[in-house]
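Chemist: Predicted model follows, preceded by the sequence.
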Amino acid sequence: MSASAAARLPVIEVFGPTLQGEGRMIGRRTMFVRLAGCDWACSWCDTPYAWRPGALAPVERLGPEDLLRRLGALGPDCRRVTLSGGNPALHDCGPLVGALHEGGYLVHVETQGSRAPAWLGAVDTVTVSPKGPSSGMAPDWPGLGATLAVAADPDLKVVVFTEEDLAYAAEVGRRHPGVPLTLQAGNRVGEDDADSLLARLRWLADRALGLEGMGDVRVLPQLHVLLWGNRRGV
Ligand code: SF4
């Protein structure tokens with residue numbers, strides 16, 4: 001395989017400028033590059049079209065130059081890019097990150113913490129989002145530790161639907177006390193609307209405020225869902 005072919009990434013969508021809807025970077029103006037493929041299968045995944053590429057959404061193989069051109073055309077004055085998925089850590093994004101930095105972009109990554117490629121240390125910020133019991137996934141504590149060890153300026157985000165998820169989030173916080181932690185009210189695509197999301201957010205805020213060991217935790221909704229609903233490309 002040639003170097004240029006190896007640098008091509010499976011891309012589901014490129015969009016923006018929009019607002020980062022989650023975690024420590026919430027509200028920031030950003031472009032998004034969503035990569036195909038995920039090594040997990042969470043029951044409430046809001047982007048299943050990314051982890052079953054080809055079945056629910058077409059995939060394009062794009063290199064760094066292609067992506068820089070597309071990002072520049074969509075958002076000429078937006079110099080922040082979020083690499084998301086799926087799980088972007090499955091891929092060799094090193095050449096893309098280098099090209100984005102050369103192009104003047106700040107690079108943020110969202111990953112669940114199952115893989116820890118070295119290039120996660122070359123980006124600017126990384127949100128690591130391990131999944132609690134309601135996802136159906138088993139905890140991967142070694143993977144989470146390895147990802148946080150390699151990631152540049154990481155923060156943690158745990159989606160919470162249930163008391164069990166909240167206990168899991170507290171355990172994540174206990175194991176990694178130096179990493180900023182966000183609790184995010186869960187969202188089921190096709191079931192939730194603004195009212196049900198706000199009700200879950202209120203429940204989560206009340207529970208987190210009364211819980212020991214939450215430190216300076218943030219409690220947040222998915223901003224983009226409150227603003228624009230469960231739509232792709234926002
Ligand atoms: S890790 Fe993220 S992208 Fe993968 S299945 Fe779970 S929620 Fe979806």
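Modeler: That came through fine.
Chemist: Show the subsequent helix or strand relative to the helix or strand of the chain with the lowest mean pLDDT.
Modeler: Least confident helix or strand, the chain: helix 3-6 with a mean of 56, by mean pLDDT, DSSP states H and E. Counting by DSSP states H and E, the next helix or strand C-terminal to helix 3-6 is strand 9-19.
Chemist: Show me which residues of this structure sit near the ligand.
Modeler: Within the chain, the positions near the ligand by Cβ under 6 Å from any ligand atom are 38, 40-42, 45, 47, 50-51, 85-87, 112, 131. From N, CA and C alone the C-beta is placed, and that goes for glycine too.
Chemist: Of the residues you listed, keep whichever come out buried.
Modeler: Cys38, Trp40, Cys42, Cys45, Thr47, Ala50, Trp51, Gly85, Gly86, Asn87, Gln112, Lys131 (16 or more other Cβ atoms under 10 Å).
Chemist: Can you name the two of those residues that sit furthest apart?
Modeler: The span of these, defined through Cβ to Cβ, is set by Ala50 and Lys131 at 15.0 Å.
Chemist: show me where the protein has helices.
Modeler: 3-6, 48-51, 64-74, 94-102, 141-150, 163-175, 194-210, 223-228 (DSSP state H).
Chemist: Let me know which of those helices is tucked in deepest.
Modeler: For these, the largest average neighbour count (mean count of other Cβ atoms under 10 Å) is found in helix 48-51, namely a mean of 20.
Chemist: who touches it?
Modeler: Applying Cβ atoms under 8 Å, 6 or more residues apart in numbering, the contact partners of helix 48-51 are 12, 34-38, 40-41, 45, 56-57, 85-87, 232.
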